[in-house]
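Engineer: how does the following fold in three dimensions:
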Amino acid sequence: MYGNRSVALIAAMLLLLLAACSEQSPTPPNVAATPQPAKPIVLKLAETWGPNYPIFGDATQKLAALVEQMSAGRLRITIDSANKHKAPFGVLDMVKAGQYDIGHSASYYWKGKDPNTLYFTSMPFSLTAPEQLAWFYYGGGIDLMQKVYAKHGVLSFPGGNTGNQMGGWFRKEINSVEDLQGLKMRIPGFAGEVLAKLGAKPTNIAPGELYTALERNTIDALEWVGPSLDLRMGFHKIAPYYYTGWHEPGTELQFIVNQKTWDGLPDDLRTILRTAMQAVAFDMYARAFHDSAENWAAMKREYPDIQVKTFPNEVLVALKRANDELLAEFAAADPVAKEIIDSLASYQAKARGWTAISDQAYLNSMPD
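Structural biologist: Presented below is the predicted three-dimensional model:
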């Protein structure tokens with residue numbers, strides 16, 4: 001029998017041997033080299049849309065899935081739709097206050113809080129979707145947007161484009177500028193300011209209340225998006241005149257991120273979140289175009305009574321004149337507004353020259 005001292009000595013030698021072997025053994029291939037945190041970082045997102053809203057809501061769901069996959073579970077996003085937080089037009093305030101970390105909405109909804117947020121969704125007679133995306137990412141648009149939102153303690157990123165939006169659903173045909181007098185229309189953003197200047201009565205209504213407002217004659221007309229989303233809303237059952245667009249040639253939604261939340265993320269997770277937002281925004285643009293093409297074909301086939309109209313030239317000239325006058329007023333009243341307006345105008349002049357001899361010339365040259 002070995003004594004206690006001998007047992008202790010042998011045990012100690014075995015431990016040393018095992019330790020030496022483990023140091024020399026290669027790491028098993030299934031063991032992650034990067035240590036994982038005990039708990040993932042969970043960010044809360046509030047969206048203006050209802051639960052599972054097509055295209056818009058799909059974008060937030062895809063963002064959450066992509067972020068979790070790219071971060072290997074280290075970063076997760078939970079989503080509260082408008083039916084839960086009950087404030088579709090309160091998303092900016094909730095993200096600003098830290099109640100939510102991220103928001104998905106549209107910048108022009110905040111014109112009552114800060115008029116300079118108007119310019120980052122879409123402007124009448126302004127940039128098309130490709131032109132606007134180029135302005136955002138390479139023409140200084142995102143820098144100007146961050147300048148505006150910095151005072152609110154948040155960051156804003158492009159959140160998905162619908163492309164050119166239709167001019168709206170009308171109960172009655174618009175034949176003259178006089179037909180706009182007293183017209184009660186759901187239309188947000190700068191376009192609402194333009195119509196008000198011509199005597200209309202613009203208002204903003206949450207997405208979930210649009211059909212009811214039109215059905216009950218609370219409004220005479222509304223614009224929403226285009227065939228991608230309008231068909232399932234059923235507006236054609238009430239208002240048969242469907243007008244082509246002038247007011248939102250490239251409507252970009254936004255992701256809003258609380259500045260403190262952003263600053264508190266590790267560098268790699270900030271990169272993952274930024275990359276995922278950009279990927280989701282591009283995907284939404286492609287999806288919106290696809291669904292509009294599909295649904296427009298269905299509209300023509302299933303609802304032949306829909307009358308597609310373009311506003312008379314007299315009306316468009318009046319709208320453009322009112323738009324230019326308002327831009328001059330806004331620019332004169334605020335140096336930041338002037339900087340944004342000048343940037344948009346300058347980039348449009350540059351980009352439109354290329355659009356004219358590329359996409360526009362191509363479409364105009366198609367043989368019959």
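Engineer: so where do the strands sit in the protein?
Structural biologist: Secondary structure of the chain by DSSP state E: the strands cover 41-47, 75-80, 102-105, 154-161, 168-170, 184-186, 201-203, 221-222, 241-243, 252-258, 307-309.
Engineer: the fourth one to strand 41-47, inter-axis angle?
Structural biologist: Using axes from the mean of the first three to the mean of the last three CA atoms, to 10 degrees, one finds that strand 154-161 and strand 41-47 are set 60 degrees apart in direction.
Engineer: residue contacts, the residue nearest to the spatial centre of the chain?
Structural biologist: The chain has residue 253 as the residue nearest its centroid, 1.7 Å off, counting by CA atoms, centre = their mean. Counting by CB atoms under 8 Å, 6 or more residues apart in numbering, residue 253 makes contact with 56, 59, 104-106, 121, 158-162, 281, 284. From N, CA and C alone the C-beta is placed, and that goes for glycine too.
Engineer: go on, residue 68?
Structural biologist: Per CB under 8 Å, 6+ apart, neighbours of residue 68: 75-77.
Engineer: now the residues you listed: which count as buried?
Structural biologist: 75, 77 (16 or more other CB atoms under 10 Å).
Engineer: put together a markdown table for the contacts of residue 68, with pLDDT on each row.
Structural biologist: Listed next are the contacts of residue 68 as a markdown table, based on pLDDT from 0 to 100:
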| residue | pLDDT |
| --- | --- |
| 75 | 98 |
| 76 | 98 |
| 77 | 98 |
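Engineer: got the domain boundaries for this structure?
Structural biologist: By the assignment in automatic domain parsing, the chain contains the domains 41-163+250-290, 168-248+302-353.
Engineer: highest average neighbour count across these?
Structural biologist: Mean neighbour count (mean count of other CB atoms under 10 Å) peaks for domain 41-163+250-290 among the domains of the chain, with a mean of 19.
Engineer: just put the strands of the chain in JSON lines and tack on distance to residue 127.
Structural biologist: As requested, the strands of the chain are exported to JSON lines (distance: least, CB to CB, whole Å):
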{"stretch": "strand 41-47", "distance to residue 127": "25"}
{"stretch": "strand 75-80", "distance to residue 127": "30"}
{"stretch": "strand 102-105", "distance to residue 127": "20"}
{"stretch": "strand 154-161", "distance to residue 127": "11"}
{"stretch": "strand 168-170", "distance to residue 127": "20"}
{"stretch": "strand 184-186", "distance to residue 127": "23"}
{"stretch": "strand 201-203", "distance to residue 127": "22"}
{"stretch": "strand 221-222", "distance to residue 127": "23"}
{"stretch": "strand 241-243", "distance to residue 127": "20"}
{"stretch": "strand 252-258", "distance to residue 127": "10"}
{"stretch": "strand 307-309", "distance to residue 127": "24"}
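Engineer: of these, which is nearest residue 289?
Structural biologist: Each of these has some distance to residue 289 by CB to CB; the shortest is strand 154-161, at 9.1 Å.
Engineer: helices or strands up against the closest one?
Structural biologist: Judged by 3 or more CB pairs under 8 Å, 6 or more residues apart in numbering; DSSP states H and E, strand 154-161 is in contact with helix 56-70, helix 91-96, helix 129-138, helix 141-150, strand 252-258, helix 259-264, helix 267-302.
Engineer: next, format those as a markdown table and append distance to residue 229 and mean pLDDT.
Structural biologist: Formatted as a markdown table, those follow (distance: least, CB to CB, whole Å; pLDDT from 0 to 100):
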| stretch | distance to residue 229 | mean pLDDT |
| --- | --- | --- |
| helix 56-70 | 8 | 98 |
| helix 91-96 | 19 | 98 |
| helix 129-138 | 15 | 98 |
| helix 141-150 | 24 | 98 |
| strand 252-258 | 12 | 98 |
| helix 259-264 | 30 | 98 |
| helix 267-302 | 8 | 97 |
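Engineer: so which of those comes closest to residue 243?
Structural biologist: helix 267-302 (14.0 Å).
Engineer: packing partners of that closest one?
Structural biologist: If contacts are counted by 3+ CB pairs under 8 Å, 6+ apart, helix 267-302 sits against helix 56-70, strand 75-80, strand 154-161, helix 227-233, strand 252-258.
Engineer: redo these as a markdown table? Include distance to residue 199.
Structural biologist: Below are those laid out as a markdown table (distance: least, CB to CB, whole Å):
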| stretch | distance to residue 199 |
| --- | --- |
| helix 56-70 | 32 |
| strand 75-80 | 39 |
| strand 154-161 | 31 |
| helix 227-233 | 26 |
| strand 252-258 | 29 |
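Engineer: compare these and give me the one nearest residue 318.
Structural biologist: helix 227-233 (25.3 Å).
Engineer: list the contacts of the closest one.
Structural biologist: Identification of contacts with helix 227-233 by CB under 8 Å, 6+ apart yields 54-56, 162, 166, 169, 210-211, 224, 236, 287-296, 298-299.
Engineer: what about the closest residue to residue 245 other than its chain neighbours, neighbour count?
Structural biologist: Excluding the flanking residues, the one nearest residue 245 by CB to CB, 6 or more residues apart in numbering is residue 167, at 4.7 Å. Neighbours of residue 167 under the rule other CB atoms under 10 Å: 25.
Engineer: wait, residue 167 touches residue 246, no?
Structural biologist: Yes - using CB atoms under 8 Å, residue 167 is in contact with residue 246, at 5.9 Å.
Engineer: find residues that contact each of these two.
Structural biologist: In contact with both residue 167 and residue 246: residue 311, using CB under 8 Å, 6+ apart.
Engineer: show me where the protein dips below the pLDDT cut-off.
Structural biologist: In the predicted model of the chain, residues 1-38 satisfy pLDDT under 70.
Engineer: try 90
Structural biologist: Applying pLDDT under 90 to the chain flags residues 1-38, 368.
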